[in-house]
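Trainee: Predicted model follows, preceded by the sequence.
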Amino acid sequence: MAGFPLGQWTADARRFYSRGDMDADRVPQLEKLGMVWSHFDVAWAEGLSAARGWAAEHGHLLAPLDAAYQGAPVGIWLKNARVSARKAHEIEQRQAEGLPVESSAGAMTRERREQLEEIDPSWCPVWPVTWQRCFHLVRLHLDGGEALPTTAGDIVRQGEDLGRWVTSVRLGWDQLTGVQQWMCEQILGIEPAGEEEKPKPRTSQADKWAMHYAAAQYFAREGPLTVPRKHVETITLGDGQAQRDMPLKLGPWVDNQHRRAATLTPERMEQLSKVGMRWE
């Protein structure tokens, strides 16, 4: 047998098998010897086995990217599987709409999608996997008879801070899809945060400059004099019943404008000059 081209012979056998040209009685003979018809199929079977093992330990198939099971990189394998499944879904949508499909390469077969859905129906969510994982862990927490976690750091499961997630959901309610809102409200009992709970929006640098410029009403009242370093000027924001007073440290701000004069835009230089800013 020395010098027999076994590799080429095996490749030919796989090609005949895939085309359906191999004699039926030869298939079991080769399989008895351990013939691997497709390395891709073997890799899928091994990945699926590892995914089943990981899900059995954690209760879901929403593994983080660095997850592993007995040395197998389950997290990366699932990430790639989701890309393949989403491509298949996009192709099906285009076909249903009568649109052309350029290529189906890399799209997951329906059989393989069903295999993963049998392990965890929510394995490939439309939204981020991290969000779905936290949702699942909160549901398990509630199913155990525990109260809904609402404070960051109180309940941590599988590395996820459930209280922090619940808080982020309540504060970011408007950014969720309708389905996510329904899931959180009807399954977990989470309600959106009230206006009084939401943090005040951060003031932009442009808005801060505009407010301090408005405080330059000091110049109209006192004349073009140097503002005392510790002077605080109060301005009124809003209109009607929504008005509120805002104390601003005008002295330090004016001093900063003097020191930054070389970097101020011509427009701001002109605005400050109009209200009586002394540059010398």
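Mentor: Good, I have the coordinates.
Trainee: Excluding covalently adjacent residues, which one is nearest to Arg133?
Mentor: By the measure of CB to CB, 6 or more residues apart in numbering, the closest residue to Arg133 outside its immediate chain neighbours is Leu62, 3.9 Å from it. Heads up, the C-betas are built off the backbone N, CA and C, glycines and all.
Trainee: you'd agree that neighbour is up against Arg139?
Mentor: No. Here Leu62 lies out of contact with Arg139, judged by CB atoms under 8 Å, at a distance of 11.9 Å.
Trainee: Neighbour count for the two, which is higher?
Mentor: Comparing Leu62 with Arg139 by neighbour count (other CB atoms under 10 Å), the higher total belongs to Leu62, at 26 against 14.
Trainee: Can you tell me the centre-most residue of this structure?
Mentor: Central residue of the chain (CA atoms, centre = their mean): Pro128, 4.9 Å from the mean position.
Trainee: if we can go back for a sec, just the element for the residue nearest to Arg133, please.
Mentor: Element membership of Leu62, judged by DSSP states H and E, is empty: it is in no helix or strand.
Trainee: which residues touch it?
Mentor: Taking CB atoms under 8 Å, 6 or more residues apart in numbering as the criterion, Leu62 is in contact with 120, 122-123, 125, 129, 132-133, 136.
Trainee: if we go to 6 Å?
Mentor: 129, 132-133 (CB atoms under 6 Å, 6 or more residues apart in numbering).
Trainee: Highest neighbour count among these?
Mentor: Of the contacts of Leu62, Arg133 is surrounded by the most neighbours, 23 neighbours in total, counting by other CB under 10 Å.
Trainee: which element is that one on?
Mentor: In this structure, Arg133 sits in helix 129-143 according to DSSP H and E.
Trainee: Show the average pLDDT along that helix.
Mentor: Taken as a whole, helix 129-143 has an average pLDDT of 95.
Trainee: Let the chain start at 269 from now.
Mentor: Sounds good: first residue 269 from here, last item helix 397-411.
Trainee: Direction included, what does whichever helix or strand comes after it pair up with?
Mentor: As assigned by DSSP H and E, the chain's next helix or strand after helix 397-411 is strand 424-425. Applying DSSP bridges to the sheet, strand 424-425 is found paired with strand 428-429 (antiparallel).
Trainee: name the helices or strands packed onto the helix or strand where Pro515 lies?
Mentor: Element membership of Pro515 [criterion: DSSP H and E] is strand 512-516. Counting contacts by 3 or more CB pairs under 6 Å, 6 or more residues apart in numbering; DSSP states H and E, the secondary-structure elements packed against strand 512-516 are strand 501-505.
Trainee: and with 8 Å instead?
Mentor: Judged by 3 or more CB pairs under 8 Å, 6 or more residues apart in numbering; DSSP states H and E, strand 512-516 is in contact with helix 473-482, strand 501-505.
Trainee: Just to check, Ala281 is in contact with Leu298?
Mentor: Yes. Between Ala281 and Leu298 there is a contact at 6.4 Å, judged by CB under 8 Å.
Trainee: Tell me where the chain is predicted with low confidence.
Mentor: Residues of the chain meeting the criterion pLDDT under 70: 269, 304-305, 469, 484-485, 487-488, 490-494, 506-511, 547-548.
Trainee: So which residues of it form helices?
Mentor: 274-287, 294-300, 307-326, 342-364, 378-387, 397-411, 430-439, 446-450, 473-482, 485-490, 518-527, 534-542 (DSSP state H).
Trainee: Domain map for this protein?
Mentor: With domains defined by automatic domain parsing, the chain comprises 306-392, 393-467, 473-542.
Trainee: closest to Leu274 out of the ones you listed?
Mentor: For those, distance to Leu274 was read as CB to CB. The smallest value, 16.4 Å, belongs to domain 306-392.
Trainee: Just the terminal-to-terminal distance for that closest one.
Mentor: One end of domain 306-392 to the other measures 26 Å (CA to CA, to the nearest Å).
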